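In: take this sequence and fold it.
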Amino acid sequence: MKKQWNLLEPDPEVVANLSRNLNCHPITATVMVNRSIMTASDAHDFLTISLGKMRSPFSLKDMEAAVNRIYAAITGNERILIFGDYDVDGITATAILLDFLRYVGADVSYYIPHRVKEGYSIQPRHISHYAVPHKIDLIITADCGSGSQQAVEAAKNFGVDIIITDHHNISQTVPPAVAVVNPKRHDCSAGLQKLAGVGVAFFLLICLRAHLRDKGFWQKLSEPNLKNYCDLVALGTLADIVPLVEENRTLCKVGLEIINADQRPGLSELLKVSAVQKDGLDAEDVAFRLAPRLNAAGRMDHAARAVELLMAKNSDDARKLAQILNALNQRRQDLEKRTLADIQSYVETNSSLLRQRSLVLAREGWHAGILGIIASRLVETYQRPVLLIAIEDGIGRGSGRSVAGLNIYDVLAACRPYLENFGGHSMAAGLVIRDENIADFQRSFESVIGRISQPEDLVPTIQIDAELNFNSISDGLIDELESLMPYGPGNPEPIFKANHVAALWSKIVGKKHRRMALQQSSAPNAPVFQAIHFNVDPQSIQKKSLGQIVFRLRWNRWNAKKTAQIVVEDLA
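Out: Below you'll find the model as predicted:
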C-alpha cells in the first residue's frame, strides 16, 4: 500500500534556541522539538536517566495493602503462588517477583497457564483445581487479573487471598481482591498508566523492600539492589510495546545497559542464539530478536521454559534452554509463514473483504498461539484493524491488532454482548467467543470501526522529522541521535527525507533486501553512504535513480567497528 509522507514543521525559533542552548546539531534539536522537548530543561530531564527520578511507587492505589499482605505471608511462612501471563511482559514480571520472594525465604512457586489450552489470565478453575489442592494461601498475579472477577470470587470462597498486579485496561468494577495494583484504575492518581506489567511488579518490589527495611528485616540478610532486575524490566517493557517515555524510558535505558553488561546467564545465552552483539544491543534487538524467542515458548510449547531460562543460574542450563527456545521460534516462524500465506491468498481471492474497514477472519485448524503475530503482519499490509480467531470445539480464541488512532479494546468493549471474554490494550487485544456468535460479532465489529474511523485513518503515514542533505550528516550528528535512544512508541526513531538520491551500486542480500551505496546527485562532491533497504519491491531492485527517499540514520556496528548507515524506509 502506498504510504503518505508527512513532513513535520516545528517552530524554527524554538529549534534554533534549543540547538543554541544545548550546543547540538539543528537536526537533533528539530527531532527533540518534534517530540515536545521544547526547552533545555525539558532536554535535560529527557537525557538525564536516573532511577531516583521516577515517581513514587507508593502512590499506586492499593500498594500499601499489597505490601502488608505479602509481608504477612513471608513472615507467616504462608504458601505464595505467582500467577503470570504467558507473554514476555508476564514472564519477566513473574521472574522478578519469584526471584525476590525466593531470596527473602518465602514459600513461593509460580504458575503460567498454557496459552492454547487454558487461555488468558486467572480463572475459577485455577483456584479450585490448582490453588486449593496445593494449599496456596496467597496468589499474586503478574500482568493479568484485572478482569478476573469470577476467579477472585472463587478464591474468596475457598479462603485464598489474591493480589492483582497488572496494567491492562480495567473496567469500573474492580475485582474484590485484597489489592488491585493497576495504574489504569480509574481511582488511581499515580500518573503511571504507561507502565508495563513488569513495571508494576517492579514498583511493588521497591515498596516491599522498603517495608521490609522498616521492619528491620534486612538486619539478617543483605538488602538486594533492585537495579539488577532492570534487565528483565526492560525486556518485558520493550516487548509489550508500551510508550518509551517517563519511567519506561528510564527503566529501559538502565536495563539495556545491564543486558549489555552480560550479568544474567539466561540472557547471555539467548543473545548468542539470537546472533546479537552484546556491546551494541538496542531496543530493536530486544523487540525483534530476544522477545520473539521468549514468546515462542508460550506460543509453541509452554511459557515456563522461558521463565526457567531467565531464572537459570549457570551457563550450561541456560544454553540448553536458549537452544530449545531458538528451535521453538524456528517452528513458530515456519508455521507463521504458511498461515500468513494462506490468509493473504484468501483475502486476495475475496477482494471484497478489503472494501471493509476491518478484517475479521475465523477458521478451524489455526494455531491460536501465533495469530497475534500474523494479525500484526496483516495490519502492516492492509492498514486496518485485524482480528483472527482460531476455532476449536465450538469455541473461538482470537487475537487482534489495530492501527494508530483506533482503540481496539474500546471496539471490543462495544461488541461485548457477543463475547465470552476479552482484554488488552488500545493496539492489541484478545478474545474468547462462541462459534455461533462469530458472524454477528464480525458485523458489529465492522459497524463500530465504521462509526469511529475515517477513510484516511486507513492510509499508512510516515512522519518525517526533517529534510536532511547527505553533506549535513556527520559522526557527531549520529552520536547525538543515538543519545535519544531507546526508540519506540512515544519516542519514535527519527526519520528524514532526502532528494535527488542515486544508487552508485547495489546488490540483493537475503533474497529481498537491497544493499547500496547512495549519493545525492544534486550536490557536487557529495559524500557516499552505505545503505540497506529491507523487503524491496522486486520491480525496483535495479533502479539506479531513487529520487526522493525517507530514511533512518544509524551506526552499523560490526566486529568492534562502526560505520554510518542509511536505512531506507520508502521511495517516492
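In: burial measure for the residue nearest to residue 455 when sequence neighbours are not counted, as a count.
Out: Among residues not flanking residue 455 along the chain, residue 357 sits closest, at 8.0 Å (C-beta to C-beta, 6 or more residues apart in numbering). Quick note: C-beta positions are derived from backbone N, CA and C, even for glycine. Residue 357: 23 surrounding residues under other C-beta atoms under 10 Å.
In: residue 357 against residue 454, yeah?
Out: No. Applying C-beta atoms under 8 Å as the test, residue 357 and residue 454 come out as separate, 9.3 Å apart.
In: what sits in contact with each of the two?
Out: Here residue 357 and residue 454 share no contacting residue, scored by C-beta atoms under 8 Å, 6 or more residues apart in numbering.
In: what about the residue nearest to residue 455, is that helix, strand or coil?
Out: coil (DSSP: H, G, I helix; E, B strand; the rest coil).
In: what's it in contact with, if anything?
Out: 384-385, 446, 449-450, 453, 455, 458.
In: before we move on, what about residue 462?
Out: Contacts of residue 462 by C-beta under 8 Å, 6+ apart are 3-6, 495, 550, 569-570.
In: report pLDDT for it.
Out: We have a pLDDT of 94 for residue 462.
In: thinking again about what came up before, so what does the residue nearest to residue 455 have for phi and psi?
Out: phi -90, psi 0 (degrees, to the nearest 10).
In: go on, residue 407?
Out: According to degrees, to the nearest 10, residue 407 has phi -80, psi 100.
In: count the neighbours of the residue lying closest to it once chain neighbours are set aside for me.
Out: Nearest residue to residue 407, sequence neighbours excluded (C-beta to C-beta, 6+ apart): residue 426, at 4.2 Å. Residue 426 has 15 neighbours, counted by other C-beta under 10 Å.
In: residue 426: what secondary structure?
Out: Residue 426 - assigned by three-state DSSP - is coil.
In: correct me, but residue 285 touches residue 276?
Out: Yes. Residue 285 is within contact range of residue 276, at 4.9 Å (criterion: C-beta under 8 Å).
In: tell me the buried residues in the longest helix belonging to the chain?
Out: Identified as the longest helix of the chain according to DSSP state H is helix 315-349. Buried positions in helix 315-349, judged by neighbour count with 16 or more other C-beta atoms under 10 Å: 317-319, 321-322, 324-326, 328-329, 332, 335-336, 339-340, 343, 347.
In: which residues in the stretch 401-550 of the chain form strands?
Out: With DSSP state E, counting those that start in this stretch as the definition, the stretch 401-550 of the chain shows strands at residue ranges 421-424, 428-434, 461-464, 466-467, 496-509, 513-520, 529-533, 545-558.
In: between those, which gets nearest to residue 239?
Out: Between residue 239 and the strands of the stretch 401-550 of the chain, the shortest gap by C-beta to C-beta is with strand 428-434, which sits at 11.6 Å.
In: other SSEs contacting the closest one?
Out: strand 386-392, strand 395-401, helix 408-414, strand 421-424 (3 or more C-beta pairs under 8 Å, 6 or more residues apart in numbering; DSSP states H and E).
In: among those, which comes closest to residue 181?
Out: strand 421-424 (16.8 Å).
In: how far does that closest one sit from its chain's centre?
Out: 17 Å (C-alpha atoms, centre = their mean, to the nearest Å).
In: for it, packing partners?
Out: helix 408-414, strand 428-434.
In: possible to save these as JSON lines with distance to residue 466?
Out: Putting those into JSON lines (distance: least, C-beta to C-beta, whole Å) gives the following:
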{"stretch": "helix 408-414", "distance to residue 466": "32"}
{"stretch": "strand 428-434", "distance to residue 466": "31"}
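In: ok, back up a step: redo the helices and strands packed on strand 428-434 as TSV? Include mean pLDDT and distance to residue 133.
Out: Formatted as TSV, the helices and strands packed on strand 428-434 follow (pLDDT from 0 to 100; distance: least, C-beta to C-beta, whole Å):
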stretch	mean pLDDT	distance to residue 133
strand 386-392	96	27
strand 395-401	95	25
helix 408-414	94	34
strand 421-424	86	24
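In: of all the ones you listed, which one comes closest to residue 151?
Out: strand 421-424 (11.3 Å).
In: ok, that closest one: who's next to it in the sheet?
Out: Looking at strand 421-424 with DSSP bridges, its partner strands are strand 428-434 (antiparallel).
In: show me what the strand it pairs with is in contact with.
Out: 119-120, 241, 372, 387, 389, 394-402, 408-409, 412, 418-424, 441.
In: how far does the longest helix of the chain sit from its chain's centre?
Out: With C-alpha atoms, centre = their mean, you get 18 Å for helix 315-349.
In: quick check: which helices or strands does it pack against?
Out: helix 265-273, helix 291-300, helix 304-311, strand 359-364, helix 371-382.
In: what angle separates the longest one from strand 395-401?
Out: Using axes from the mean of the first three to the mean of the last three C-alpha atoms, to 10 degrees, the interaxial angle of helix 371-382 with respect to strand 395-401 works out to 50 degrees.
In: what's in contact with helix 371-382?
Out: Contacts of helix 371-382 (C-beta under 8 Å, 6+ apart): 1, 299, 332, 336, 339-340, 343-344, 347, 354, 359, 385-390, 398-403, 428, 430.
In: equivalent analysis for the second one, please.
Out: With C-beta under 8 Å, 6+ apart as the test, helix 291-300 has contacts from 86-88, 91, 112, 115, 235, 238-239, 270, 273-274, 303-306, 309-310, 322, 325-326, 328-329, 331-332, 335, 367, 369-370, 373.
In: what about 7 Å?
Out: 86-88, 91, 115, 239, 270, 274, 303, 305-306, 325-326, 328-329, 331-332, 369-370 (C-beta atoms under 7 Å, 6 or more residues apart in numbering).
In: do the same with the shortest one
Out: Strand 359-364 is touched from outside by 343, 353, 378, 382, 384, 386-389, 391-392, 396, 438, 442, 445, with contacts defined as C-beta under 7 Å, 6+ apart.
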